[in-house]
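Q: Sequence first, then the predicted structure:
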Amino acid sequence: MTTHSDTHSPMPEGVSGPGDLLAAIPAFLGFTPHRSLVVICLDNTMGGGPTIGMVMRHDLKLPEPMRDEHQLWGRVSADMADVTAHFAEICARDDVRGALALIVDDRARASDKSARTDQHCRAIARRLARDLRDRGTELTQVYLTTEIACGSRWWTAFGPAESGTIPDPTTSPVTLAYMLEGRGVHESRDRLAEAIGPVDSAVSRTVEGLLRSGRSRDRGSDRMRLDAILSRIAMWGASSPDRPAVVALPAETIAEFGLALRNVMVRDSLLAITLTGFADFAEQLWSYLMRNLPAPERACPATLLGFSAYARGEGALATAALDIALDADPDYSLAQLLDRSLLAGARPTMIREVALSGYAVAELCGVRLPPPLE
């Protein structure tokens, strides 16, 4: 599964070497990767130094043990061969000329280059370099480390032997900059999924009971449904920065909104909220709804959260949300489409263009949406 960020930002001030760059990777991804292959696309077309483009990640899969132990050395699993080829195809499509990569594996050992895990990692590095080169992208270097943590050692996979230590990722200039933008960094991908996953609480059980018993109604027209949701978001958005609103709803309203979001016109109108000044509160609402609604109703708010995160370039959050959506409803078409787009490495700019279509849908519902931010 790939995760990406589409920043195209200059190399941040304070990032002056491999250690600083590796410390920034959790911020780029939104979580700290473990047993992963990470590819950082570089762009020199804007003049000056390189800029950070797309950041891609995939689970690291080493070959299964074989009877003849000597055959283990330097092999690349079929899964990883597919991954390196896929990354190379995305780079070729986007005309990426340069890249760096990192392999994170707690089984690797910098002091023993003959160790099997290290040999497998180096084989993956060589395969990635070859696949990228064949499609026009130069892989400058692949770094290895056991973990991205303060004081962890990194070393190079090929070329001149270089090594160093990783500074504290929590104080990385990139992490601090992203925190100011409201982006969080989770301890792991599992913790990220847990933070937005469904809960079993008195509220969620009441909501499920209301939906199953039919005591909650899908109220009124598309306009009324849309107005009800937008009014809540606007109310939270009008709160004072000194006393920010807490996004919470009674069980009856959660069930009502869950039913309202079943309507395609309502859902598609709300895609445009991603482009407005209310996007943050809308995301909080989608997260709250998906945690408290049962399946299949949670599929829509989970997809809306995934859509909004995707549009902002937060691929990790988008992927986690879409996984929850597809678990709730495997046939939910918008979640399927977004999931395929993520896997294909489609840029967030494409998603933002889709969001603009929400204005036309809302107009058909008779609702005027807030204007997009410039």
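A: That came through fine. Numbering: from 1, shown residues only.

Q: element containing the closest residue in space to A302 that isn't next to it in sequence, please.
A: In space, and not counting its chain neighbours, A302 is closest to A325: 3.7 Å by C-beta to C-beta, 6 or more residues apart in numbering. Backbone N, C-alpha and C define where each C-beta goes, glycine included. Assigned by DSSP states H and E, A325 falls within helix 315-328.

Q: Give the buried residues for that helix.
A: For helix 315-328, a neighbour-count test (16 or more other C-beta atoms under 10 Å) marks 315-328 as buried.

Q: do stretch 130-148 as well
A: Buried residues in stretch 130-148 (16+ other C-beta under 10 Å): 131-132, 135, 137, 139, 141-148.

Q: Assign a three-state SS to the closest residue in space to R93 that isn't next to it in sequence, would you?
A: Spatially, and ignoring its direct neighbours in sequence, R93 is nearest to G345 (7.4 Å; C-beta to C-beta, 6+ apart). Following DSSP: H, G, I helix; E, B strand; the rest coil, the label given to G345 is coil.

Q: correct me, but G345 touches V96?
A: No. Counting by C-beta atoms under 8 Å, V96 is not a contact partner of G345; they are 10.3 Å apart.

Q: could you pull out the strands for this protein?
A: Using DSSP state E, the strands found in the chain span residues 6-10, 36-43, 51-59, 98-104, 138-145, 153-156, 163-165.

Q: between those strands, which one is nearest to P241?
A: P241 lies closest, by C-beta to C-beta, to one member of the strands of the chain: strand 6-10, at 25.9 Å.

Q: now the closest one: mean pLDDT?
A: Averaging pLDDT along strand 6-10 yields 45.

Q: Common neighbours of G345 and V96, please.
A: Common contacts of G345 and V96 (C-beta atoms under 8 Å, 6 or more residues apart in numbering): M54, I90.

Q: List just the nearest of the buried residues of helix 315-328 to A251.
A: Nearest to A251 among those, counting by C-beta to C-beta, is A328 at 18.4 Å.

Q: dump the residue contacts of the closest one.
A: By C-beta under 8 Å, 6+ apart, the contact list for A328 reads A295, P296, E297, R298, A299, A302.

Q: quick one, phi/psi of the residue nearest to R93?
A: phi 70, psi 30 (degrees, to the nearest 10).

Q: Of the strands of the chain, which is nearest A309?
A: Across those, A309 has its closest neighbour in strand 6-10 (11.8 Å, C-beta to C-beta).

Q: Now do V104 against S152, distance only.
A: Taking C-beta to C-beta, to the nearest Å as the measure, V104 and S152 are separated by 9 Å.

Q: out of the two, which sits in the more crowded spot?
A: Ranked by neighbour count (other C-beta atoms under 10 Å), V104 and S152 place V104 first, with 25 against 19.

Q: Y143 is in contact with that one, correct?
A: No. Between V104 and Y143 there is no contact under C-beta under 8 Å: 9.3 Å.

Q: Tell me the pLDDT of the residue nearest to R93.
A: pLDDT recorded at G345 is 85.

Q: Count the residues that sit near it.
A: Each residue near G345 was counted by other C-beta under 10 Å, and the total is 20.

Q: still on that earlier bit, need the strands of the chain in JSON lines with distance to C121, can you?
A: Output for the strands of the chain, formatted as JSON lines (distance: least, C-beta to C-beta, whole Å):
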{"stretch": "strand 6-10", "distance to C121": "26"}
{"stretch": "strand 36-43", "distance to C121": "9"}
{"stretch": "strand 51-59", "distance to C121": "14"}
{"stretch": "strand 98-104", "distance to C121": "5"}
{"stretch": "strand 138-145", "distance to C121": "6"}
{"stretch": "strand 153-156", "distance to C121": "10"}
{"stretch": "strand 163-165", "distance to C121": "14"}
